[in-house]
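Participant: Predicted coordinates and the sequence they were generated for:
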There are 2 protein chains.
Amino acid sequence: MLEPFDDTYFMKKALQEAEVAYEKGEIPVGVVIVVDNKIIARGHNLTETLNDVTAHAEMQAITAAANFLGGKYLQNCTMYVTLEPCQMCAGALYWSQIAKIVYGARDKERGCIQLNTKLHPKTIVKGGIMADEASKLLKRFFIEKRNLN
Amino acid sequence: MLEPFDDTYFMKKALQEAEVAYEKGEIPVGVVIVVDNKIIARGHNLTETLNDVTAHAEMQAITAAANFLGGKYLQNCTMYVTLEPCQMCAGALYWSQIAKIVYGARDKERGCIQLNTKLHPKTIVKGGIMADEASKLLKRFFIEKRNLN
């Protein structure tokens, strides 16, 4: 029997957010934050739309989740994010004390694993969920952007 | 003759922001962002008020400066911040490509120097400006907080 609420299920939701970013001409990265199999926050990259380097999908979703929960710590939450978080977002996740981070594609240049960003000791990290789909969308975006310039 | 627009001048302005945070019961950290000796953005820590771990002084000032400039890069800007930035804020400063960061007190536990957060290769970092004043305000805050609990 299929588990309806597994990592793939929630990563598909994060990918839908990434597709919204793609349609807006943003680097396509999407996030959902989940508590007890319920999505409590969503976010997609808006750095171009808002002219703001801090407007990564993760940052918006962290703020939205805290707002939903009425408290700033995300100790019972799991973040599904299509791309490995950068230093800034991993730094925010450190402060949030989030329980788990599940990412799709690796970011071997600017990702928090390569750059050794410190996470909260209780935070579990799992990677590679729907990594191909996340990577394909990112590649399509950068190829199209190159062709436009 | 005194130089009116030196590092101490602008750090005093950042300390005034930290004092505003202190008065609100926030960990007292303040920021100003400067272009050509003009303050274009200010910020103070609001994590408690906003219930949001991302609401550090630096993050708000980066967003405000980009908004003022109409573009997301801060290549001609200097940030004056009373405490060495954390990983999240240094990660945001990396993306902003800021020209210079001047900080007051060191944060030897959670600061970006200790944690080796990557900054943009063109970003200059200078520390220790009015460090005693910044430290004293932080210590006062934590002593008072401990006595309240």
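Facilitator: Sure thing, it's come through.
Participant: For chain A, give me the ranges with low pLDDT.
Facilitator: Filtered on pLDDT under 70, chain A yields the residue ranges A:1-3.
Participant: which bits of it sit near chain B?
Facilitator: A:47, A:51-54, A:59, A:62-63, A:66-67, A:70-73, A:86-92, A:94-96, A:115-118 (Cβ under 8 Å from any Cβ of the partner chain). From N, CA and C alone the C-beta is placed, and that goes for glycine too.
Participant: Going through the residues you listed, which ones are buried?
Facilitator: A:47, A:51-54, A:59, A:62-63, A:66, A:72-73, A:86-92, A:94-96, A:115, A:117-118 (16 or more other Cβ atoms under 10 Å in any protein chain shown).
Participant: and these, which of them are in helices?
Facilitator: A:59, A:62-63, A:66, A:87-92, A:94-96 (DSSP state H).
Participant: Could you identify the most distant pair in those?
Facilitator: A:Ala66 and A:Gln87 (20.2 Å; Cβ to Cβ).
Participant: hey, where'd the strands end up in chain A?
Facilitator: Using DSSP state E, the strands of chain A run over A:30-35, A:38-44, A:78-83, A:100-105, A:124-126.
Participant: could the ones you listed be laid out in a markdown table, adding mean neighbour count?
Facilitator: Putting the strands of chain A into a markdown table (neighbours: other Cβ atoms under 10 Å in any protein chain shown) gives the following:
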| stretch | mean neighbour count |
| --- | --- |
| strand A:30-35 | 26 |
| strand A:38-44 | 20 |
| strand A:78-83 | 28 |
| strand A:100-105 | 24 |
| strand A:124-126 | 13 |
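Participant: looking at these, which is closest to B:Ile124?
Facilitator: Minimum separation from B:Ile124 across these (Cβ to Cβ) falls at strand A:78-83, 29.6 Å.
Participant: CA-only coordinates of that closest one in PDB, if you can.
Facilitator: What follows is strand A:78-83, C-alpha atoms only, in PDB (Å, rounded to 0.1, in the frame of the first residue of the first chain):
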ATOM      1  CA  THR A  78      10.000  19.400   8.700                       C
ATOM      2  CA  MET A  79      11.100  21.700   5.800                       C
ATOM      3  CA  TYR A  80      10.900  20.200   2.300                       C
ATOM      4  CA  VAL A  81      13.000  22.300  -0.100                       C
ATOM      5  CA  THR A  82      13.800  21.500  -3.700                       C
ATOM      6  CA  LEU A  83      17.500  22.700  -3.500                       C
END
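Participant: Which neighbouring elements make contact with that strand?
Facilitator: helix A:7-23, strand A:30-35, helix A:57-69, strand A:100-105, helix A:131-148 (3 or more Cβ pairs under 8 Å, 6 or more residues apart in numbering or on different chains; DSSP states H and E).
Participant: For the ones you listed, please prepare a markdown table with the additional fields distance to B:Thr8.
Facilitator: Output for those, formatted as a markdown table (distance: least, Cβ to Cβ, whole Å):
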| stretch | distance to B:Thr8 |
| --- | --- |
| helix A:7-23 | 43 |
| strand A:30-35 | 41 |
| helix A:57-69 | 33 |
| strand A:100-105 | 41 |
| helix A:131-148 | 44 |
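Participant: Now do stretch A:21-30: everything it contacts.
Facilitator: A:14-20, A:42-49, A:56-57, A:81-83, A:137-138, A:140-141 (Cβ atoms under 8 Å, 6 or more residues apart in numbering or on different chains).
Participant: From A:Lys12, how far off is the spatially most central residue of chain A?
Facilitator: Chain A has A:Val81 as the residue nearest its centroid, 2.6 Å off, counting by Cα atoms, centre = their mean. To A:Lys12, A:Val81 is 13 Å away according to Cβ to Cβ, to the nearest Å.
Participant: A:Tyr80 now?
Facilitator: Counting by Cβ to Cβ - A:Tyr80 and A:Lys12 are separated by 9 Å.
Participant: ok, now A:Ile129?
Facilitator: Counting by Cβ to Cβ, the gap from A:Ile129 to A:Lys12 is 10 Å.
Participant: So which of the two has more stuff around it?
Facilitator: Neighbours per residue, other Cβ atoms under 10 Å in any protein chain shown: of A:Ile129 and A:Lys12, the larger number sits with A:Ile129, 22 against 14.
Participant: and the more buried one, what is it in contact with?
Facilitator: Per Cβ under 8 Å, 6+ apart, neighbours of A:Ile129: A:Asp7, A:Thr8, A:Met11, A:Tyr80, A:Val102, A:Tyr103, A:Gly104.
Participant: Go through those and name the one nearest A:Lys38.
Facilitator: Nearest member of the contacts of A:Ile129 to A:Lys38, counting by Cβ to Cβ, is A:Tyr80, at 12.7 Å.
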